[in-house]
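K.L.:
pasted the sequence and its predicted model underneath.
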Amino acid sequence: MLSEGDWLALWVSIKLALVTTGLLLLVCSPLAWWLARRRLPGQALLEALLALPLVLPPSVLGFYLLLALGPQGPGGWLAGWLGLRSLAFSFTGLVIGSLIYSLPFVLQPLKNAFATLDRGQLEMASLAGARPLDRFFSLVLPQSRAGYAAAAMLGFAHTLGEFGVVLMIGGSLPGETRVASVALYEHVEAGDYANGHRLALVLVAMSVVMLWALFRWQRRPGLTP
Amino acid sequence: MLSEGDWLALWVSIKLALVTTGLLLLVCSPLAWWLARRRLPGQALLEALLALPLVLPPSVLGFYLLLALGPQGPGGWLAGWLGLRSLAFSFTGLVIGSLIYSLPFVLQPLKNAFATLDRGQLEMASLAGARPLDRFFSLVLPQSRAGYAAAAMLGFAHTLGEFGVVLMIGGSLPGETRVASVALYEHVEAGDYANGHRLALVLVAMSVVMLWALFRWQRRPGLTP
Amino acid sequence: ETLQVAVAANFAAPLRELVAQYQSSHPAISIHLTVASTGKLAAQIRQGAPFDIFLAADQRRPRELAREQRLIADSVRTYARGVLVLWTPQSGINLQPEQLERGRLSPLALANARTAPYGVAAEAVLARLSLPPSVTLVRAENVAQSFHFADSGAAAAAFVALSQVQARGGSLWRIPPSQYPAIIQQGGRLNDRPATRDFYRYLFSGPARALIRQAGYQVDDAQ
Amino acid sequence: MSLQLALTGQVGNLAIRAQGRLPERGVTVLFGRSGAGKSTLLRMIAGLHPCEGAMELGGSVWLGEGRSLPPWQRPLGMMFQKPTLFSHLDVAGNLQYVARRRRVSDEHVQRVIAQTDLAPLRQRRVQTLSGGEAQRVALARALLGKPRLLLLDEPLSALDQTGKQMLLELIARCAADIPVLYVTHDLDELLALADQLWLMEQGAVVSQMPLQQALAQLDGPLVQRQDASAVLSATAGRYDPEHHLQALQLAEHGVWLPALKPLTAGDPVRIRIAARDVSLCLSRVTDSSILNILPVEVVAVRELPPGQVMVQLRLADQLLLARISSRSRQQLGLFPGQSLYAQIKAVALA
Amino acid sequence: MSLQLALTGQVGNLAIRAQGRLPERGVTVLFGRSGAGKSTLLRMIAGLHPCEGAMELGGSVWLGEGRSLPPWQRPLGMMFQKPTLFSHLDVAGNLQYVARRRRVSDEHVQRVIAQTDLAPLRQRRVQTLSGGEAQRVALARALLGKPRLLLLDEPLSALDQTGKQMLLELIARCAADIPVLYVTHDLDELLALADQLWLMEQGAVVSQMPLQQALAQLDGPLVQRQDASAVLSATAGRYDPEHHLQALQLAEHGVWLPALKPLTAGDPVRIRIAARDVSLCLSRVTDSSILNILPVEVVAVRELPPGQVMVQLRLADQLLLARISSRSRQQLGLFPGQSLYAQIKAVALA
Ligand SMILES: Nc1ncnc2c1ncn2[C@@H]1O[C@H](COP(=O)(O)OP(=O)(O)OP(=O)(O)O)[C@@H](O)[C@H]1O
Ligand SMILES: Nc1ncnc2c1ncn2[C@@H]1O[C@H](COP(=O)(O)OP(=O)(O)OP(=O)(O)O)[C@@H](O)[C@H]1O
Ligand code: MOO
Ligand SMILES: [Mg+2]
Ligand SMILES: [Mg+2]
């Protein structure tokens, strides 16, 4: 049905989306917690700044990221430190780009989920002997399931569909940085609609299944108040 | 500082982002309410389908939208009915495209905000004599402020930065469909970095101010539990 | 009166100069550009985009559109021929084939052959070279992005259009035209409005050709 | 306007059944063990819990013929078991929310604020209120809309003695005009307010009777309690301003009760007499501090293990209860029809 | 282990101050008007509300020298004023949450479930519990972790009589080993449980004394209440199995009280006598149902407007209270030093 190259691109896409979403959930959990619970003077400004990558067109953001990840940018230094040639045109670089670009989509739902947690129950958990980390896993996480589902779904879908940034910093290397969205773009751009429609269909079908599973999980009975 | 064309593009961008965000908040409020409160069998599937526009690369989505909005698609019929030439390459068309593309970003935060509302307070409002619509404005809305802020900010920023869809269905007509992100893309693409950086700076600065105001509003004291 | 010109990204910069020159003698006409890839513009024209003139980066799309009667058939002409170069922003770098075949220069950037005519040309050049497998090839959406890859330093060198880099420093290998299929950029009109005809005709005038050549294209054998 | 209802519904595994009538005015206490379904029944009446059957308030149909009036069209005031204040509003905002929708005047709002002593809390965020303060706000909000029916679910459980006293009086004043359905586990509140008693068991309202009758029943649920009491009807007599004592006429007998203000002579009065405050005596003692000594006749005696008996007594045509030890019973040799004297401490009347 | 504390803090405009010691075992009731700061003080002790000062439990320092033990390291059990159950867990899950973290055995969990009668509710989502059921779960959760200090904020306010009785006994059993700080507005609970009384007024703990002393004080806060009582120490005597009466020795006087089981003769006992259950008599009456008639001496008399007086009496070396009407006072002509008889209904002792 699909060419081998397209299947490979799909696989890279899914890997990228899963890795990015996973990392974002990890990174955003403490950040969102901190934003939801503290009230510091510059906080609103910080939140606005974190959302900024969104307002730039993806390929322009990609351009700036390329400068940052290239040998002259901080990314070059980081790459050297990691023993990599360069972060541009590598899967690692893609992940970094996607992290920056999809961060607000994961951060905001988590922040709101944390802000609506019942303070009394958090206190009760402390009194039951739960240390902060234990409390996070035993209370915060299960009670923020809807927020995590929304965060995961927005982050996942957005990373899957993004290609402006990805193309710019990835360079479309098959098996490494050529993702399904880039492949799909190429088909459509080249006027190869038959392959384009097919790939779009598979991408969409796969996403439906994953998102549907996610929403089912979110709505598992016993959750909503 | 900026060329006249760029200022015009900025203005179209802001108009588009505001109109889209406003309409999305309108459309998503009842939809999110319905999704948050009901439990119907196909609901998870419906939610997954609503999120699908996200997983397609913007320009591919734009391509499909172009087909749908063009004279041969349903959009052409609708355009004729509305007395317009065509929905493609018009501001109205841009709005439709942006609505579809940014919908999940507005829908999800609202849905989660509604799902965490205290049921008892909703009942109390009914008993106080508030009809559903009254209750929505007097209770649901103020208590979902964080959700609305997140929805507005994600929807706004995403619409502002999007250009794949916009370029495809808009055609970059000055004053009508040439938005700042497209203008910025053109600058960078043409290697005109000076103008690119300037426009990016203005876009970013403006967004910071708007987002910052939004977050300030969200955190106005007297909100978090 | 307003003209809307859809132009392939690589020709946007020269076209702006052409427009400026034209408008100095036709102040009443304002000309707007829609810059995108050839493929996007073609798709838009099929959906009734309100363009007056289409300047593509290849000859395939204009012909197709003419066949579909979206473009006025006898208006389809070659307005420029692209010149492919291998470029790097660092000066004093030898980009000749012998040097490339040593594999020191990596990654090399080129436009995607499926989405950009310059990509087709670059692939042809690469096919004649025997690059060691250690050389990574990164593919850009179009020549503009290919240029960014090299300009940012992320790629060691990039196949780009001469028009993009001739005003810049760095090192350059001007690839002999025999090594790649000609990059024939054709255009066409969508309508017969006088203003459209006038500006389109201007693109093939002497001063315009001089400007195009100056920008890094070949126009010698333009029909 | 009286509330007429015949409802059936379901909550979890529990089937709820209730049929009855709340009179036009006065407090009906809904009594029953935890989990009996009291809160659920209140929610059904308010239209918040699905149910079937029929219900009407003073001729206006709330439920019936497949139609159910939505909650916002039912002119009732309700207090849930937990305060449930609007969390985005301050205390004044919570009251205004009802005031605007029920179109009551600003003076009325101010009056209710004064009656519930909420003036100092007006501008406070509801999250900062103490448990008792929140409950007072919730009560004020329920009373504010000039409801035609009050549903109160343990409304005073978090209040101190003084607050409770004040609000009991307020609720009693409301009950002078409208029916009040009142859930409580507290016998003091029950005795102070109830005119009627509905007893709920495992989801069903199993008995409905006037308080007096419910209290005097030897086999009722209340007789077992430490604070079992009887309620008697009397007529106000003269007032002794020096000692703040009010004379009452109970049939041909006089009774004294402490009172701050004189009652209008001839008015009907309801007095409550706890069984534990009644002692029995074969002769009339004259040199004790006990003011009220009344001739009574033994109607029935019930054992209350361990070691106590409840004695049902007839005083003129009313029933009185006395709880005494089995030993005293033996000493006095109680038998139905026996005449003796009941000593009631004046201070036990309220 | 006793809890030693000296705390100051702030909530809103209210300054909280408390200094004192909870003895190694027994219930200290924290008493005070709504808004006095009781809940806040409990939160300060638990480490949930910022405060300064010093606190230690049995030698382990909880607060002091600028360091404050985080709540999860304080081995205490607490019940907030509202149940505050973990909403994502069922009833069993709520109990397990504590059990795992406090490492108590499964048998212990089962025992607590049995003691609080929660077995039928084990698998229930906490949102579906009735008010009283939720409170029972919260209490079980507080007791479960074998705490070394219990902080209970109106723990029984939503319970019915039977449930209350059962849980009062359970709490009393816990208090046999650890200190319990208990907030309540309910005098029944206070009388049933308290060993010590802390009185809170406008944020400050203003008095701390043993229950007996607090109750007998004529100028204390409790004397005003309808249910003012005195507590006396006595020694168990013989048991009358026929009438389930237990004899007690109060100095040289005998007193009868109903009891299900005999007490061990010679054991010390605490008995409570409500002021309203005590009547005064100049002579000893013999043919009444009142079992206990004791010779007493008037210590002091205090007016309780309107129309009542509280009489402090000395019975041997202990203090007793009697509330009578002003009129009776006049008739009896009470004066300090006067000798007369106090009649106490046996059933009033508990
Ligand atoms: N969704 C449900 N599933 C199962 N059982 C439920 C559900 N909702 C309520 N119940 C049960 O129905 C019974 C009645 O609840 P209700 O709240 O009406 O009791 P109540 O009489 O008000 O008790 P309390 O005095 O403790 O407040 C309770 O035993 C409760 O556990
Ligand atoms: N954030 C705050 N701002 C202002 N006042 C506050 C705040 N938090 C609490 N208070 C006030 O502090 C006082 C003490 O509250 P606390 O909850 O300790 O009272 P309490 O003694 O437990 O009363 P109750 O018996 O009604 O539960 C109350 O009057 C309360 O309104
Ligand atoms: O000029 Mo193109 O069509 O972007 O390669
Ligand atoms: Mg209830
Ligand atoms: Mg409190």
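P.N.:
Nice, thanks for sending it over. Ligands and ions are numbered 1, 2, ... in the order given.

K.L.:
so for the spatially closest residue to D:Arg323 that is not a sequence neighbour, what's the pLDDT?
P.N.:
Spatially, and ignoring its direct neighbours in sequence, D:Arg323 is nearest to D:Ala275 (4.0 Å; CB to CB, 6 or more residues apart in numbering or on different chains). Heads up, the C-betas are built off the backbone N, CA and C, glycines and all. Here the pLDDT value assigned to D:Ala275 is 84.

K.L.:
and D:Leu349, by the same measure?
P.N.:
52.

K.L.:
kindly list the longest helix within chain C.
P.N.:
The helix that spans the most residues within chain C, counting by DSSP state H, is helix C:12-25.

K.L.:
in chain D, what residue is nearest ligand 2?
P.N.:
D:Gly132 (2.7 Å; CB to the nearest ligand atom).

K.L.:
what do you get for chain C?
P.N.:
Taking CB to the nearest ligand atom, chain C has C:Ser152 as its residue nearest ligand 2, at 54.4 Å.

K.L.:
ok, that residue touching A:Leu65?
P.N.:
No: taking contacts as CB atoms under 8 Å, C:Ser152 lies outside contact range of A:Leu65: 9.5 Å.

K.L.:
where does the closest residue to chain A within chain D sit: helix, strand or coil?
P.N.:
Nearest to chain A, among the residues of chain D, is D:Gln127, at 9.0 Å (CB to the nearest CB). Under DSSP: H, G, I helix; E, B strand; the rest coil, the three-state class of D:Gln127 is helix.

K.L.:
wait, isn't it in contact with D:Leu89?
P.N.:
No: applying CB under 8 Å, one finds D:Gln127 not in contact with D:Leu89, separated by 10.9 Å.

K.L.:
of the two, which one has the most company?
P.N.:
D:Leu89 (20 against 13; other CB atoms under 10 Å in any protein chain shown).

K.L.:
give me the domain ranges for chain D.
P.N.:
D:3-212, D:229-348 (the TED database).

K.L.:
quick one: contacts for D:Gln246?
P.N.:
D:Ala236, D:Gly237, D:Tyr239, D:Asp240, D:Trp256, D:Leu257, D:Pro258, D:Ala259, D:Pro262, D:Leu263 (CB atoms under 8 Å, 6 or more residues apart in numbering or on different chains).

K.L.:
for it, give me the pLDDT.
P.N.:
80.

K.L.:
surely it forms part of a strand?
P.N.:
Yes: judged by three-state DSSP, D:Gln246 forms part of a strand.

K.L.:
which strand residues bridge it?
P.N.:
When assigned by DSSP bridges, D:Gln246 has beta-bridge partners D:Tyr239, D:Leu257.

K.L.:
quick check: which element contains the residue in the stretch 51-200 of chain D that chain E sits nearest to?
P.N.:
Residue nearest to chain E within the stretch 51-200 of chain D: D:Gly132 (2.9 Å; CB to the nearest CB). Using DSSP states H and E, the element containing D:Gly132 is helix D:131-144.

K.L.:
any idea how far the residue in chain C that ligand 1 sits nearest to is from ligand 3?
P.N.:
In chain C, the residue that lies nearest ligand 1 is C:Gln47 (55.2 Å; CB to the nearest ligand atom). According to CB to the nearest ligand atom, to the nearest Å, C:Gln47 stands 18 Å off from ligand 3.

K.L.:
next up, the contacts around the closest residue to D:Leu121 other than its chain neighbours.
P.N.:
Leaving aside its sequence neighbours, D:Leu121 sits nearest to D:Val91 (CB to CB, 6+ apart; 4.9 Å). Applying CB under 8 Å, 6+ apart to D:Val91 gives the contacts D:Leu85, D:Leu118, D:Leu121, D:Arg122, D:Gln123, D:Arg124, D:Val126, D:Leu129, D:Val137.

K.L.:
from D:Lys82, how far off is D:Val91?
P.N.:
D:Val91 sits at a distance of 16 Å from D:Lys82 (criterion: CB to CB, to the nearest Å).

K.L.:
ok, D:Val126 - contacts?
P.N.:
Contacts of D:Val126 by CB under 8 Å, 6+ apart are D:Leu85, D:Phe86, D:Ser87, D:Leu89, D:Asp90, D:Val91, D:Asn94, D:Ala134, D:Val137.

K.L.:
report the buried members of the residues you listed.
P.N.:
D:Leu85, D:Phe86, D:Ser87, D:Leu89, D:Asp90, D:Val91, D:Asn94, D:Ala134, D:Val137 (16 or more other CB atoms under 10 Å in any protein chain shown).

K.L.:
and the residues you listed, which is closest to chain B?
P.N.:
D:Phe86 (5.7 Å).

K.L.:
which helix or which strand is home to the closest one?
P.N.:
D:Phe86 belongs to no helix or strand, assigned by DSSP H and E.

K.L.:
would you agree it is in contact with B:Met124?
P.N.:
Yes: using CB under 8 Å, D:Phe86 is in contact with B:Met124, at 7.0 Å.

K.L.:
which residue packs closest to C:Leu3, ignoring adjacent ones?
P.N.:
That would be C:Ile31: by CB to CB, 6+ apart, it lies 4.6 Å from C:Leu3.

K.L.:
next up, the contacts around the one you found.
P.N.:
C:Ile31 neighbours (CB under 8 Å, 6+ apart): C:Thr2, C:Leu3, C:Gln4, C:Val5, C:Val19, C:Tyr22, C:Gln23, C:Phe199.

K.L.:
against which helices or strands is the lowest-mean-pLDDT helix or strand in chain A packed?
P.N.:
Lowest mean confidence among the helices and strands of chain A (mean pLDDT, DSSP states H and E): helix A:74-82, at a mean of 72. With contacts taken as 3 or more CB pairs under 8 Å, 6 or more residues apart in numbering or on different chains; DSSP states H and E, helix A:74-82 sits against helix A:58-69, helix A:91-115.

K.L.:
let me have those in a markdown table, extended by mean neighbour count, distance to ligand 3 and mean pLDDT.
P.N.:
Below are these laid out as a markdown table (neighbours: other CB atoms under 10 Å in any protein chain shown; distance: least, CB to the nearest ligand atom, whole Å; pLDDT from 0 to 100):
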| stretch | mean neighbour count | distance to ligand 3 | mean pLDDT |
| --- | --- | --- | --- |
| helix A:58-69 | 25 | 12 | 82 |
| helix A:91-115 | 25 | 22 | 91 |
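
K.L.:
I'd like those as TSV, with distance to A:Gly175 appended.
P.N.:
As requested, the helices and strands packed on helix A:74-82 are exported to TSV (distance: least, CB to CB, whole Å):
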stretch	distance to A:Gly175
helix A:58-69	20
helix A:91-115	9
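
K.L.:
can you give me the helices in chain D?
P.N.:
Under DSSP H, chain D gives helices at D:38-46, D:91-102, D:106-115, D:131-144, D:161-174, D:187-193, D:211-216, D:326-332.

K.L.:
put the alpha carbons of the last one into PDB.
P.N.:
Once side chains and other backbone atoms are set aside, the C-alpha atoms of helix D:326-332 remain, and they are given as PDB (Å, rounded to 0.1, in the frame of the first residue of the first chain):
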ATOM      1  CA  SER D 326     -36.000  -0.100  87.500                       C
ATOM      2  CA  ARG D 327     -35.300   0.100  91.100                       C
ATOM      3  CA  SER D 328     -37.400   3.200  91.500                       C
ATOM      4  CA  ARG D 329     -40.100   1.500  89.600                       C
ATOM      5  CA  GLN D 330     -40.000  -1.300  92.100                       C
ATOM      6  CA  GLN D 331     -40.100   1.000  95.000                       C
ATOM      7  CA  LEU D 332     -43.000   3.000  93.600                       C
END
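
K.L.:
which neighbouring elements make contact with that helix?
P.N.:
strand D:308-315.
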